[in-house]
Structure formats: C-alpha cells, structure tokens
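Peer 1: Let's see this in three dimensions:
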Amino acid sequence: MIFNAQIPYDNDHLVPILSAETLKYHYGKHHVGYAQTLQTLVAGTDLADISLNMIIARSEGNNEKIYNTGLQLFNHDFYWKCLSVSEHRPTGKLNDLILSQFKTFERFLNEYIDSANSVFGSGWSWLTWQRGRILFMNTQNAEVPIVEKLLCVIDLWEHAYYIDYRNDRSAYINNIITKCINWEYCESLMPWFV
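Peer 2: Have a look, this model is predicted:
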C-alpha cells in the first residue's frame, strides 16, 4: 500500500487563520514526512499491504514507532478535513445537538476552547460523539480516543501554529475553533440516526 498525506485544498486556503507558510511546513514537511516514514517502516513486512487503520491496530503494543507514525498520519489526514474558512457555525442535527446539550453555541465554543487550552505539551483536542452526547477529549502525543465517532480534531503540536502565532497557542486555538472548523464535514460524521 502507498501512503499519501492527504490535504483537501491549497496552502493558502486557510488564510488568514493559518498562513500558506504554515501549511507548506506543517503539511509539506511533517504530514508528508509521516507518510514517507510509515511507508519505509512497513516495507517488506506483513503490514505492507494493509490499510492504515489495520496497521495502527496491529502495531499497538508491538512496534511503537510504526504505531505512533501511523497515528500521526491518521490524525493529520483528519485534521485537514476538519478545517475550512468558509463556515463559522454548524447547521442541522449537529447544531440541534449542540444547542440541546450546551444551550448556546457560544457556551459550546467556550467549553471547547477551555478544553483544548487545558492540554499540556504536544497533543490533540477532539470533538467526539459518545452515547448520544458531544464530548471534548484531549490526547497526548499521537493518541486517538476510543469513542463511537470522531467529529473534529485540533492539532496542538507546536508545528501547527508556531510560524503564525509563536508561543500564543491560546490565540491559535481560539481562531481555529471560532473561525476555521469545517462544520459541514463534522456534521457528515454524525451517526445517521441522530
């Protein structure tokens, strides 16, 4: 299997929230690097011809380097799909669930921002669906939460924001959550029965 880092737009698509320079390095060096490294690591092994998800599952507890590289490739593929500057709030069933659970969209945003800001060090901040509820979950390093559905993720590694925001990770988190989430994509991941 050939692993390709996937990004659904050009480097300047997320301006002014993320610069073309950030995407050039974040996608072009880090994300592409994970795909190339994973390709090299699995070449000639029994993992060479299976899906990324199966590689992650089979390498957990067996090969930390393959496991973490696979997770980082998965996380980045997902992260780029979760971002867009064309939408600023969800509609439809995701909006209904947010309002039912959080009462206002602003309260939901503030709780998501607070949750993401609570991560110490490198990691990911997730918007998830579990047992009929939206949950904020944070993971360290490359980990992914085990839940019914992943709806959105924010990369909290320094390479995701440092060119544009320097050490002001809070400003990056605020701008991503309030101005850059692709709510249409997130809603497309909701269970059909909601």
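
Peer 1: Doesn't Gln6 lie inside a strand?
Peer 2: No - checked against DSSP: H, G, I helix; E, B strand; the rest coil, Gln6 lies outside a strand; its state is coil.

Peer 1: who's in contact with it?
Peer 2: Asp77, Trp80 (CB atoms under 8 Å, 6 or more residues apart in numbering). Quick note: C-beta positions are derived from backbone N, CA and C, even for glycine.

Peer 1: mind redoing it with 6 Å?
Peer 2: By CB atoms under 6 Å, 6 or more residues apart in numbering, the residues touching Gln6 are Asp77.

Peer 1: try Leu127
Peer 2: Leu151, Cys152.

Peer 1: in the helix or strand where it lies, what's buried?
Peer 2: In the assignment (DSSP states H and E), Leu127 maps to strand 123-130. Going by neighbour count (16 or more other CB atoms under 10 Å), the buried part of strand 123-130 is Gly123, Trp124, Ser125, Trp126, Leu127, Thr128, Trp129.

Peer 1: Relative to Leu151, how far out is the third one?
Peer 2: It stands for Ser125. Distance of Ser125 to Leu151, computed by CB to CB, to the nearest Å: 12 Å.

Peer 1: Could you pull out the strands in this structure for me?
Peer 2: Ranges of strands in the chain, per DSSP state E, are 123-130, 133-140, 149-155.

Peer 1: Can I get those in TSV including mean pLDDT and distance to Arg107?
Peer 2: Formatted as TSV, the strands of the chain follow (pLDDT from 0 to 100; distance: least, CB to CB, whole Å):
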stretch	mean pLDDT	distance to Arg107
strand 123-130	96	14
strand 133-140	97	12
strand 149-155	97	17
